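*Asks:* Following is a predicted model, sequence given first.
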Amino acid sequence: MPEKRIVLLGPPGAGKGTQAQRLCEQLQIPHLATGNLLRAAVANSTPVGLQARPFMEQGKFVPDDIVIGVLLEAIQAAKRANPGGYVLDGFPRNRFQAEALRKELQRRHEKIDKVILIDTPDGVVQERLSQRRSCPDPLCGAVYNLKTKAPRTPGACDLCGKPLVIREDDRPETIRKRLAVYHQQTEPLLKFYRNQGKLRVVAGDLEIEAQYQALLDLLKTEQLVA
Ligand code: AMP
């Protein structure tokens, strides 16, 4: 199959990370999540991490030049490691980032194949994120939900055993801010990609398994999955 370049769009808490991770395991291609890359940079106190940290803690966007740099570097590394394509999760998040991505791919005679919106109402996002617990280890990064995907041992990561935490930006006040930023800055991308004929939509208020099946069905219809 040719290289697949897929973008998952949706508000925070739509399930982009969970679905992207599964999809990438099945397709054997890298999952490039700017949130994860930035959190790892923060945890390692790299220059990028030190710059990004205050924005992330307040639920604000990290400045475009920083995020675009991080993402393009990750795409390069992913291409070297796996020529099969990649799934982008959490990028682009505004028009400027989308244009930067398009220009960079165009320069290499490449393009995004499909952009999939995981369409999730604000109420569902608020409920889900308030139940979210995360592994603080940047090398693990596992995510749980107290209602729908609880860890086997309460409070501990199934994969590495570290005590789970509430992400700073999953606190109720910050969730409200992140949703407002999503509606203002990321939602306009739906029109941008719809006009290019690339946008497809799956319902975001399903359980994890049902949502994954809906995503796979869509990608099969689009002939991106066998
Ligand atoms: P996420 O894990 O995708 O929810 O991202 C967590 C945080 O990382 C966001 O709230 C932003 O502060 C930052 N971030 C991740 N991706 C981007 C992006 N494409 N543009 C700006 N900030 C980002």
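*Replies:* Yep, that arrived. Residues are numbered from 1 along each chain as shown.
*Asks:* which residue does this protein bring closest to the ligand?
*Replies:* The minimum distance from the chain to the ligand, using Cβ to the nearest ligand atom, falls at G35 (2.1 Å). Where C-beta positions appear, they are placed from N, C-alpha and C, glycine not excepted.
*Asks:* Tell me who's in contact with the residue nearest the centre of the chain.
*Replies:* The geometric centre of the chain, computed from its C-alpha atoms, lies nearest to D89 (Cα atoms, centre = their mean), at 2.6 Å. Taking Cβ atoms under 8 Å, 6 or more residues apart in numbering, we find D89 in contact with L8, K16, G17, A20, H31, L32, A33, T34, G35.
*Asks:* again, 10 Å this time
*Replies:* Applying Cβ atoms under 10 Å, 6 or more residues apart in numbering, we find D89 in contact with 6-10, 14, 16-21, 23-24, 31-36.
*Asks:* For the residue of the chain closest to the ligand, which three-state class applies?
*Replies:* Taking DSSP: H, G, I helix; E, B strand; the rest coil as the rule, one finds G35 in the helix state.
*Asks:* Correct me if wrong: it contacts F61.
*Replies:* No. At 11.0 Å, G35 does not count as touching F61 under the criterion of Cβ atoms under 10 Å.
*Asks:* hey, what's the residue nearest to the centre of the chain bridged with?
*Replies:* On the basis of DSSP bridges, D89 is bridged to L8, A33.
*Asks:* ok so, going back, common neighbours of G35 and F61, please.
*Replies:* V67, R93.
*Asks:* Excluding residues flanking it in the chain, which one is nearest the residue of the chain closest to the ligand?
*Replies:* G90 (4.6 Å; Cβ to Cβ, 6 or more residues apart in numbering).
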